[in-house]
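Peer 1: Sequence first, then the predicted structure:
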Amino acid sequence: MAAYPRAELEEMVERWLEANRQGEAEKDWRHMADLYTEDATYGWNVGPNDEFMAVGREEIREIALGLEMAGLEGWSYPYQKVLIDDQQGEVLGLWKQVAAATKADGSPYEIAGLGGSWFRYGGDFRWSWQRDFFDVGNAAATFMAMIADGTLLPGMQQRMERAMAKERQPGHFPLGGAPVGLWEVPEGA
């Protein structure tokens, strides 16, 4: 783990947050892949039997920021807190997951619990490693409530139907079967 100038990491975080806001506004997050190294890895756990892993900038663009975000158009991910460790070159961002759709009481749907991203900086204003965490049970419960009231977007409903049919999606692997482990940090990352 390399140390980086604090100001450089702070600028990287600002670039990232601006790219995230742009993705929310455009309802397309794929441009954010430009903020990863060519060989970056990006993954998360999806419950007791499944994990997601994208390896390389283009898989991150097409699968993590493309296919995985399908059905989440109109959602926002406001960062609540960002912690920067310039000595280790790591950043932790804590965010909410808020839908544009509203409940009967007028409040927005929001996935309960903590959501976050743990990043490893690779220099040149790019992440080399990212791992996300969120409450999968709360996400599923929110999506089911949205299905019940007809507010879940068709793209997410189709993804959920495929998952319930045990159809493995691109980038999804049996627990422990991903090409890079969730805790694994490739050399140089």
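Peer 2: That came through fine.
Peer 1: going forward, measure contacts between C-alpha atoms and count neighbours the same way
Peer 2: Noted.
Peer 1: what helix or strand is the residue nearest the centre of the chain on?
Peer 2: A centroid search over the chain (Cα atoms, centre = their mean) returns residue 132, at 5.6 Å, as the residue closest to the centre. Assigned by DSSP states H and E, residue 132 belongs to strand 127-133.
Peer 1: going on from that strand, what's the next piece of helix or strand?
Peer 2: Using DSSP H and E, the first helix or strand after strand 127-133 is helix 136-149.
Peer 1: Any idea how far the next helix or strand after that next one is from the middle of the chain?
Peer 2: For helix 136-149, the succeeding helix or strand toward the C-terminus, using DSSP H and E, is helix 154-164. In this view, helix 154-164 has its centroid 18 Å away from the chain centroid, taken as Cα atoms, centre = their mean, to the nearest Å.
Peer 1: just to revisit the earlier point, direction included, what does the strand holding residue 132 pair up with?
Peer 2: strand 36-45 (parallel), strand 115-121 (antiparallel) (DSSP bridges).
Peer 1: Show residues contacting the last one.
Peer 2: Outside of strand 115-121, the residues that reach it under the criterion Cα atoms under 8 Å, 6 or more residues apart in numbering are 9, 89-97, 127-135, 189.
Peer 1: picking up where we left off before, the residue nearest to the centre of the chain: what's its closest spatial neighbour, skipping adjacent residues?
Peer 2: residue 117 (4.3 Å; Cα to Cα, 6 or more residues apart in numbering).
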